[in-house]
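Q: Pasting the sequence and the predicted coordinates here, then a few questions.
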Amino acid sequence: MNKFLLSVLSFFILPFPGFSQEKMKKIHAVKTNEAFKIDGDISEPGWKKCPVITDLIELRPNPGKVESFQKRSEFYLLYDDNYIYFGGYCHEKSADSVSKELVGRDKIGNSDFVGIVFDTYYDKINGSGFYVTPYGEQYDAKYSETGNEDDTWNAVWESAAKMQPDGWTFEMRIPYSALRFANKDNQTWGLNIIRKEQRTTAQYFWNEIDPNKNGFLSQEGEWTGIEKIHPPLRLSFSPYFSTYLNHYPYHTDGVKDFTSSVNGGMDVKYGINESFTLDMTLIPDFGQVQSDNKVLNLTPFEVKYNENRSFFTEGTELFSKGNLFYSRRIGSTPIHYYDLENHIDSTEHIVQNPSESKLINATKISGRTSKGLGIGFLNAITKPMYAIVENQHGQKRNVQTNPLTNYNILVLDQTLKNNSSVSLINTSVLRKGKDYDAEVTALVFNLYNKKNVYNWNGKIALSNIFNKAGKTVSGYMHNIGFGKVGGRFNFQLNEELTTENYNPNDLGILFNNNYLDHYLYIGYNWNKPGKWYNQLHLNNNFSYSRRITPDVYQSFHYNGNINGQLKSLTYVGMNINYFAKGNDFYEPRVPGRFYETPSGFNVDGWFETNSAKKYYVLVDANIGFSNLFNNRYYNLQISNNYRFNDKFSIGHSINLNPSFNDAGFADINGADIIFSKRDRSTVENIITSKYNFNRRNGITFRLRHYWSEVRSKEFYTLQQDGSLLKNSIYNGNTNQNLNIFNIDMVYTWEFAPGSFLNIVWKNSVYSGDQRINDSYFKNFNHTISAPQDNNISLKVIYYLDALSFRKKHS
């Protein structure tokens, strides 16, 4: 067995005999003692003291083509004891050929850009990218071996750009405090440089990227001979002050319609050593994050929402290993929120029951050693939460709905040869008192052969819930896959198994367990332009699922799709889906019962125009059928955006989703599980607008109205064999009508590097009832006339860098 494992590992990790090292570009590092003024003008003589970087190679739409002389790039890369300097000239036919738009930090919009990506440990797995647009706006991101781009990561650095008669020039000054690297006298870093021209969608790289090969960092070049640079003191403080004014018309004696609050706290970032960074948020305030896109949920599963809190999105690439971390669990609904009625007397009623837990502080430590070992640790603490209940005599008391809770994640991630890695992840949730604790431990591996063509990946995880009704409940899962990821032909074969007691949901998210799934992907790619297309992709996906206990077939699904970019720079696609007859053990909401799902079929087609044009539109249309009750459903999404000028644009998106004669769970009536034949209509409208005064400040506006109506037409009783029998006796009202209205309006001013002033107005309405048959506009009128929650807030964040402070006062 040991010999077999060694032979398998050698296939993925050890070099293949007979294969030579891929050709790559190299540039020798040049040290400077010049003092550059970062204003976008590269006429200073110091820039010319290093070799010019030119002859970038196109990735798309014409892979392998060297840039033309008329659109040539001339880049310069220098360094000193404190900074990296990157500047250049992006030539074009004329200044009018340059696409540019003011969109704010960490957005690209309709802007050309230039970026530089450093792989400071030269492991071809982790990278940091810094980008600049013709307006000098910044975008930065972290990269992983899978090619994922984490644009939530933010560093503090300087940039500027300047328009020229035949293009644009730029300058960057990147402090070493924005990077992590080894403390060695002589270093070689991985390097690539990117240039994007939005008008033609052409994208160029210094070191060629072959679209038929897997990976982005694995195809980087080298920056050699970096001498005697040392990691600086990395210590910064971002204290904040915020104030909120809220109005909701309660119209209740003793309850104020207006409330206000004043808050203060701090974020701290400290470089423990050259490899590891400590991030802390003390008394955090996330009140200005964008409102969730809440929906009417008819499924038996929870809705997964996006994370908008910056602390839990920035620099979390290590914590995403193994897909065990769902950060919305931290500060989520108290565990006894829904069963509070079971903890109070019959003579008491609920006065107040907080729906979110309050975060006290959160800390994360992350980094990677020179030997390629990545270590990540995250800890967050939420305070005890209490509901207020009152008895018939007016006496009030507190009932705990959530204890003091400690959330932890530990990740050890070892990089191997050929962009491979193996990781150990542990998550735990510890609750004070009698409530249960939980933990999950997982081993994750991702192995490639030397040519980066074949991949073997997997995860093995164990979950434990302690003190659940006095017992420890343990569960197991594994996911293992093998595939071909390089070349024009690709495939992936996966198996995933979870036992009925596997439960990572205290800090992760898993919608259901107790299944054995198999998945097959087969794809073919045309990455070089043909007569009528620039690129084309054909994919086939097959999935088959069985329940483990008992061993029963659940579902089979086929998806086939084709998509690509036409010569007109329009993206188009089409896919078909077939759902075989199956057994759904979750829709009945009763353990052991199942619903026999009908077979079905749907077709989807879409197109998306070139976003560099003033007017951009995306249209996606879907039509589907299933064989029960002659069910049919449709979906039409139309997204538009019109750019009036470089500063001002307006967008609108509408999503229409009517469904007729759908079957689904309605109620439980005694021993009977009631299903309904129902019509559902959902309309979502989103209006967005932005105006940027300059690259430092601007206003964004987002309005969302969501309406969903469910009308039950007939009722059925679920039979033991999963079929439905018409029920003429049940007369419950299961109709639903939900309207959600939100406005998020944000003014942002970056008044100094890393320092921001934000003014936010949030308006929200949540209106649910059982009124049906009203038109969309009647629903909208009812919604805006309902009580509205209005909130205006001001938040100031000031960035203090200890190294800069020390230099100024030394």
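A: Cool, the structure landed.

Q: hey, where'd the helices end up in the protein?
A: Defined through DSSP state H, the helices belonging to the chain, from first to last, are 2-13, 776-784, 802-808.

Q: Comparing the ones you listed by mean pLDDT, which bottoms out?
A: Out of the helices of the chain, helix 2-13 stands lowest, with a mean of 42 (criterion: mean pLDDT).

Q: what sits against residue 157?
A: Contacts were defined as C-beta atoms under 8 Å, 6 or more residues apart in numbering; by that measure residue 157 touches 130, 138, 140, 172, 173, 174, 175, 178, 753. (Each C-beta comes from the backbone N, C-alpha and C, glycine too.)

Q: hmm, I was thinking of residue 142
A: 126, 127, 128, 129, 149, 150, 153, 315, 317.

Q: The second one touches residue 118, doesn't it?
A: Yes. In terms of C-beta atoms under 8 Å, residue 127 counts as a neighbour of residue 118; the distance is 6.4 Å.

Q: can you list residues touching both of the two?
A: Contact criterion C-beta under 8 Å, 6+ apart; residues bridging residue 127 and residue 118 by contacting each: residue 190.

Q: For residue 141, see how far away the closest residue to residue 109 other than its chain neighbours is.
A: Ranked by C-beta to C-beta, 6 or more residues apart in numbering and with sequence neighbours excluded, the top spatial neighbour of residue 109 is residue 103, at 3.6 Å. Between residue 103 and residue 141 the computed distance is 15 Å (C-beta to C-beta, to the nearest Å).

Q: all strands of the stretch 401-550 of the chain, in order?
A: Remark: strands assigned in the stretch 401-550 of the chain by DSSP state E, counting those that start in this stretch are 405-415, 421-431, 437-448, 454-468, 471-484, 489-498, 515-526, 533-547.

Q: So for stretch 412-429, mean pLDDT?
A: Averaging pLDDT along stretch 412-429 gives 93.

Q: these two touch, right, residue 266 and residue 242?
A: No. In terms of C-beta under 8 Å, residue 266 does not count as a neighbour of residue 242; the distance is 12.0 Å.

Q: remind me which residues of this protein are low pLDDT?
A: Low-confidence segments of the chain, defined by pLDDT under 70, span residues 1-22, 145-147, 807-810.

Q: Centre-most residue in it?
A: The centre of the chain sits closest to residue 306, judged by C-alpha atoms, centre = their mean, with a distance of 6.9 Å.

Q: Which ones among the contacts of residue 157 map onto strands?
A: Of the contacts of residue 157, the ones assigned to strands by DSSP state E are 130, 138, 140, 172, 173, 174, 175.

Q: The second one and residue 226, how far apart?
A: When C-beta to C-beta is the yardstick, residue 138 and residue 226 sit 23 Å from each other.

Q: Looking at the two, which one has more neighbours?
A: Residue environment comparison for residue 138 versus residue 226 gives the larger neighbour count to residue 138, 23 against 20, counting by other C-beta atoms under 10 Å.

Q: which residues touch that one?
A: In this structure, residue 138 makes contact with 105, 106, 130, 131, 132, 157, 159, judged by C-beta under 8 Å, 6+ apart.
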